[in-house]
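*Asks:* Okay, sequence plus prediction incoming.
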Amino acid sequence: MYAIRNKITGQWLYGTDYRECPPRQRTSNRQALTFETLEDAEYEFKKRECDKHEYEIGKVQLRIVGD
């Protein structure tokens, strides 16, 4: 799995606000959008107009931490 992360804050991308121009990225420490393939993550990275200097795509592992 892959996710998009803010390099500066270390927070994960969980959404994009398209009401602003350029679109504003929504980030969080507790939630993240995940993508099954690197190609999907790269497509969303471009579609959401993420700044290459501020955001990066990283490989992540999903695990259960409690009920």
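*Replies:* Cool, the structure landed. Residues are numbered from 1 along each chain as shown.
*Asks:* what bits of this structure have low per-residue confidence?
*Replies:* Within the chain, not a single segment meets pLDDT under 70.
*Asks:* can you give me the helices for it?
*Replies:* If DSSP state H is used as the criterion, the helices of the chain fall at 38-47.
*Asks:* ok, Lys59 - how many residues close by?
*Replies:* Around Lys59 there are 9 other residues, counting by other C-beta atoms under 10 Å. No exception for glycine: its C-beta is placed from N, CA and C like everyone else's.
*Asks:* how much space is there between it and Tyr18?
*Replies:* 27 Å (C-beta to C-beta, to the nearest Å).
*Asks:* With Gln11 instead?
*Replies:* Distance from Gln11 to Tyr18, by C-beta to C-beta: 19 Å.
*Asks:* next one: Trp12
*Replies:* Per C-beta to C-beta, Trp12 is found 19 Å from Tyr18.
*Asks:* Tell me which of these two has more neighbours.
*Replies:* For the pair Trp12 and Tyr18, the greater number of neighbours falls to Trp12 (20 against 11), based on other C-beta under 10 Å.
*Asks:* How many residues are close by the closest residue to that one other than its chain neighbours?
*Replies:* Using C-beta to C-beta, 6 or more residues apart in numbering and skipping the chain neighbours, the partner closest in space to Trp12 is Ala32 (3.3 Å). Ala32 has 20 neighbouring residues, counting by other C-beta under 10 Å.
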